[in-house]
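*Asks:* Make a model of this:
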Amino acid sequence: MKHYAERLRALREDHDCTQQEIAVLLQTMQQVYPRYEKGVNEIPVRHIATLEVG
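*Replies:* Numbers count the residues shown, from 1 in each chain. Coordinates of the predicted model:
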């Protein structure tokens, strides 16, 4: 599970986005998104689909 979490952070940083900006894009609370990047929570498939399109 850690591998995808590290990839999420790398992709966000490559696009010069903040965690807050991604949380808004995903329509989730700002406190939730960092948990995805840390691997604490598994990112829902609907959020992955949003990131692919966004």
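
*Asks:* helix/strand/coil for residue 16?
*Replies:* Here residue 16 takes the coil state, with states given by DSSP: H, G, I helix; E, B strand; the rest coil.

*Asks:* how far away is it from residue 10?
*Replies:* Separation of residue 16 from residue 10 (CB to CB, to the nearest Å) stands at 12 Å. Using the backbone N, CA and C atoms, a C-beta is placed for each residue, glycine as well.

*Asks:* the more surrounded of these two?
*Replies:* With other CB atoms under 10 Å as the criterion, residue 16 and residue 10 differ in neighbour count, and residue 10 comes out ahead with 11 against 7.

*Asks:* What's the separation between that one and residue 23?
*Replies:* Relative to residue 23, residue 10 is positioned 17 Å away (CB to CB).

*Asks:* Can you show me the helices along the chain?
*Replies:* Residue ranges of the helices in the chain, as given by DSSP state H, are 2-14, 19-26, 33-38, 45-53.

*Asks:* I'd like those written out as CSV, with mean pLDDT added.
*Replies:* Shown next, in CSV, are the helices of the chain (pLDDT from 0 to 100):
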stretch, mean pLDDT
helix 2-14, 91
helix 19-26, 97
helix 33-38, 96
helix 45-53, 92
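
*Asks:* what's the most buried one of those?
*Replies:* helix 33-38 (a mean of 18; mean count of other CB atoms under 10 Å).

*Asks:* quick one: contacts of it?
*Replies:* Residues external to helix 33-38 that are found in contact with it (CB atoms under 8 Å, 6 or more residues apart in numbering): 5, 8-9, 12, 19, 22-23, 26, 41-43, 47.

*Asks:* likewise stretch 41-54?
*Replies:* Applying CB under 8 Å, 6+ apart, the set of residues contacting stretch 41-54 is 1, 4, 8, 11, 22, 25-26, 28, 32, 35-36.
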